[in-house]
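*Asks:* predicted structure and sequence below. I'll ask about it afterward.
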Amino acid sequence: MKDYFDAETLTYIIIPLLIFFARVTDVTIGTMRLIFVSKGYKAVAPFLGFVEIIIWLIAMSQIMQHLDNWVCYIAYGAGFGMGNYVGILLEQKLSIGNVIIRVFPKKDVTELAEDLRSQTFGVSAVEIQGKEGRKKMLFSVVKRKSINQYVDTVLHHNPNAFYSVEDIKSVSDSYVRKGKNPRILSGTRVRKGK
């Protein structure tokens with residue numbers, strides 16, 4: 001009976017799989033590290049960077065020990081690609097940070113603005129001049145995890161509204177979901193409204 005962990009199995013299956021999973025892990029951590037830095041979470045980034053580079057060194061040491069094994073190169077590249085994908089998916093699930101939402105409605109925004117405010121969203125209405133004349137644009141800063149709720153409300157009142165969503169690094173006002181106590185959002189202290 002053939003041993004399942006002979007030299008060939010180890011070289012062409014086990015080692016490449018370990019390299020693949022190491023790369024998935026370190027690239028996922030690297031993607032998250034960059035996202036945390038871009039959102040202002042500077043305290044988390046050094047720790048993630050430390051873990052990322054240790055895992056990368058382990059993967060690279062295996063590549064250097066098996067330079068003649070082309071399967072290791074494929075595993076390394078595939079792990080890099082998959083790590084990017086997993087990192088982006090993880091960031092979307094975590095919904096870290098805040099966004100600016102601009103709404104360009106097709107009709108009156110009075111009821112829409114009141115509904116959004118009743119859900120504790122901060123809403124500013126700004127008069128704009130478009131092709132079809134003067135209208136009101138709604139402008140809000142919301143947490144990323146609240147985007148769907150906000151957009152669903154917009155589309156309920158104004159199904160043909162155009163809206164844009166942009167990431168922001170930090171906020172300095174309490175209109176992002178008011179609470180009883182000031183909170184820390186993206187590394188910036190949030191003050192209570194007057």
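*Replies:* Looks like it came in fine.
*Asks:* show me the contacts for the residue nearest the centre of the chain.
*Replies:* Of all residues in the chain, the one closest to the mean position by Cα atoms, centre = their mean is Glu91, 3.6 Å from it. The contact partners of Glu91, taken as Cβ atoms under 8 Å, 6 or more residues apart in numbering, are 31-32, 35. Where you see a C-beta, it was placed from the backbone N, CA and C, and this is true even at glycine.
*Asks:* with Ile88 instead?
*Replies:* Contacts of Ile88 by Cβ under 8 Å, 6+ apart are Thr31.
*Asks:* low-confidence stretches in this protein?
*Replies:* 1-5, 173-194 (pLDDT under 70).
*Asks:* what's stretch 63-71 in contact with?
*Replies:* With Cβ under 8 Å, 6+ apart, stretch 63-71 has contacts from 11-12, 15-16, 19, 72-73, 76.
*Asks:* can you do 10 Å?
*Replies:* 10-13, 15-17, 19-20, 23, 62, 72-73, 75-76 (Cβ atoms under 10 Å, 6 or more residues apart in numbering).
*Asks:* what's the answer for stretch 129-137, then?
*Replies:* 102-110, 112-113, 124-128, 162-163.
*Asks:* tell me the one of the contacts of Glu91 nearest Lys169?
*Replies:* Ile35 (11.5 Å; Cβ to Cβ).
*Asks:* how is the protein carved up into domains?
*Replies:* 7-94, 98-189 (automatic domain parsing).
*Asks:* what subset of the contacts of stretch 63-71 is buried?
*Replies:* 15-16, 19-20, 23, 62, 72, 75-76 (16 or more other Cβ atoms under 10 Å).
*Asks:* of the residues you listed, which belong to helices?
*Replies:* 15-16, 19-20, 23, 62, 72, 75-76 (DSSP state H).
*Asks:* save these as a markdown table, and put in distance to Phe139 too.
*Replies:* Listed next are those as a markdown table, based on distance: Cβ to Cβ, whole Å:
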| residue | distance to Phe139 |
| --- | --- |
| Ile15 | 54 |
| Pro16 | 51 |
| Ile19 | 48 |
| Phe20 | 45 |
| Arg23 | 42 |
| Gln62 | 52 |
| Cys72 | 52 |
| Ala75 | 48 |
| Tyr76 | 46 |
